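>>> have a look at this fold, sequence not included:
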Ligand code: CA
């Protein structure tokens, strides 16, 4: 995993230095920023392979930064790991989690963080053949085909793009606006509840295979593809 680059956004200098050191020793190229504003400037220069964003930042918060990155085509697909303090997760987190791929709760060991970063990079870069697999589902982007435990799942073109978008980032919650952008395109006017209609169709197509529960509703946000039924 050498030569992967990480942009770390953390305002506390001690934690920033400790994490930069640990990630550097683990073989990552690390750039560090002390604020969201600094991070945006760093992103203008070059894109990293992965972002680590502290939830609590002065000025623009980590959550606002995450939302902003997800709205921008250039940064929409970057894997994003959020650092949170104990007590910030649960309900509050759930309502804000659009676009975050993983969380690490403080205090954590650098070793744990490095392991999570590696796992996230593996997930993000998992496909070199245009095929995405999770929870028994395989989406073949080139063949435009969805299979469930090897059996063909009949889906329409919109449902195909929907599941393809979701499965590329397992566990990431997408809000309806993000899904509209990805699936229908930026310049098409469609109401947000259209997303719900197509999610229902997708679940219906997956139901005979017992896999409809992989498409989870994230209350107050939108939807995610998850193999973790407890997260629903
Ligand atoms: Ca902080």
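Cool, the structure landed. Every value quoted in this text rests on a predicted model; they were computed, and no experiment measured them.

>>> so how many other residues sit close to the residue lying closest to residue 212 once chain neighbours are set aside?
Take residue 212 and drop its neighbours on the chain: the residue closest to it by CB to CB, 6 or more residues apart in numbering is residue 203, 4.0 Å away. The C-beta positions use only the backbone N, C-alpha and C, and glycine is treated the same way. Residue 203 is flanked by 18 other residues according to other CB atoms under 10 Å.

>>> try residue 46
Under the criterion other CB under 10 Å, the count of neighbours that residue 46 has is 9.

>>> distance check, the residue nearest to residue 212 against the ion.
Applying CB to the ion, to the nearest Å, the value for residue 203 to the ion is 39 Å.

>>> got it, and residue 215?
Residue 215 sits at a distance of 34 Å from the ion (criterion: CB to the ion).

>>> again with residue 212
With distances taken as CB to the ion, residue 212 is found 39 Å from the ion.

>>> dump the residue contacts of that residue.
Counting by CB atoms under 8 Å, 6 or more residues apart in numbering, residue 212 makes contact with 203, 204, 206.

>>> picking up where we left off before, confidence score at the residue nearest to residue 212?
Confidence per residue is given as pLDDT, and for residue 203 that number is 98.

>>> now do residue 230
Each residue has a pLDDT score; the one for residue 230 is 60.

>>> ditto for residue 94
Confidence per residue is given as pLDDT, and for residue 94 that number is 55.

>>> was I right about residue 78 contacting residue 52?
No - the criterion here is CB atoms under 8 Å, and residue 78 misses it with residue 52 at 11.0 Å.

>>> higher neighbour count, those two?
Comparing residue 78 with residue 52 by other CB under 10 Å, the one with more neighbours is residue 52, at 26 against 20.
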